[in-house]
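[1] Predicted model and sequence follow; I will ask about them next.
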Amino acid sequence: METKIIIKTLLRESLLDEDYPESFNMDKFKSLTTFKDRVNYCSEHLKRISSGTSRIVYKIDDEKVLKLARNKKGLAQNEVEVDYSKEYVIESILAKVFDYHEDYLWVEMELARPVTEKIFKQVNGYSFGLYSLAINNYYYGSLKPNNRNVRHIDGLEQAIQDLWEDEFAYDIFQYLGNFNVPVGDLMKLSSYGLVKRNGQDTIVLIDYGLDHDTLEKYYS
């Protein structure tokens, strides 16, 4: 049994190495013990495509990115993304997680193209503005009642009801209702990406590591 586990581990690490540039040494990377050293190593060998206060995103190849924690906030967000990626009921709206460090130092995730308002509407059939109003009103009208944040616009309630018939919007409503997530990041285009699913352009969440527990612990 132990031999089989060792063989599987070696094969898995070998496949991982093949995805990275030749200059990137996975054993070297895994031996680094500080956030700073890991960031410096990745910045030297991989292309940085985005960064925030908690994580830096590097391109591995044409299919995957590496989300590297730069502090404890990043570890917490990596852990949330790993946990949520295992929930089959919302997997259709989330960028896939392919691999991760056992202590959540890094996460390998599906590479997605940036989404513009035009792309969002072309793919989903409704504007990002309408979508944002809908999830805002659902969140503050039903989940976290706060009438000051509910937008009252003629025709909006019917438009929201219509969105419950849309598969993507419905899954987002379920995501808000059943998981411990705030609505703020869902109203940012930068939280979404464009991927291919079954040959079709599909909008997915690419930045979903901030739940209420992480928000209250690290950002309050």
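    Arrived safely.

[2] alpha carbons only for contacts and neighbour counts from here, please
    OK.

[3] If you count contacts, what does the helix or strand containing Val195 end up packed against?
    Val195 is part of strand 192-197 when elements are defined by DSSP states H and E. Identification of packing neighbours for strand 192-197 by 3 or more CA pairs under 8 Å, 6 or more residues apart in numbering; DSSP states H and E yields strand 113-114, strand 200-205.

[4] what's the closest of those to Asp154?
    Of all the helices and strands packed on strand 192-197, strand 200-205 sits nearest to Asp154, with 27.7 Å by CA to CA.

[5] Quick one: mean pLDDT for the closest one?
    If you average the pLDDT over strand 200-205, you get 97.

[6] Parallel or antiparallel, list what pairs with the strand holding Val195.
    strand 113-114 (antiparallel), strand 200-205 (antiparallel) (DSSP bridges).

[7] Deepest-packed of these, please.
    When the strands paired with strand 192-197 are scored by mean count of other CA atoms under 10 Å, the highest mean neighbour count falls to strand 200-205 (a mean of 18).

[8] ok, then the element right after it?
    Counting by DSSP H and E, the next helix or strand C-terminal to strand 200-205 is helix 212-218.

[9] and that following helix, how far out from the chain's middle?
    17 Å (CA atoms, centre = their mean, to the nearest Å).

[10] can you pull the contacts of Tyr170?
    163-164 (CA atoms under 8 Å, 6 or more residues apart in numbering).

[11] just to confirm, which helix or strand has it in it?
    If you go by DSSP H and E, Tyr170 is part of helix 167-178.

[12] can you tell me the average pLDDT over that helix?
    On average, helix 167-178 scores 96.

[13] How are the helices of this protein distributed by residue range?
    Under the criterion DSSP state H, the chain contains helices at 2-19, 26-31, 35-45, 72-85, 117-124, 128-138, 156-163, 167-178, 212-218.

[14] looking at those, which one has the lowest mean pLDDT?
    Across the helices of the chain, helix 2-19 gives the lowest mean pLDDT, at a mean of 48.

[15] Please parse the protein into its domains.
    Per automatic domain parsing, the structural domains of the chain span 2-112, 114-218.

[16] Out of the strands paired with strand 192-197, the one nearest Tyr41 is which?
    strand 113-114 (24.8 Å).

[17] Which residues outside that closest one are in contact with it?
    190, 192-195.

[18] try 6 Å this time
    193-194 (CA atoms under 6 Å, 6 or more residues apart in numbering).

[19] Kindly report the same for stretch 121-137.
    By CA under 6 Å, 6+ apart, stretch 121-137 touches 117, 150, 160, 187.

[20] Next, work out how far apart the last one and Leu133 are.
    Think Met187. 8 Å (CA to CA, to the nearest Å).

[21] which of these two has more neighbours?
    Neighbours of Met187 and Leu133, each counted by other CA atoms under 10 Å, are more numerous for Leu133; the result is 20 against 17.

[22] Please report the distance of the more buried one from Leu163.
    From Leu133 to Leu163 the distance is 11 Å (CA to CA).
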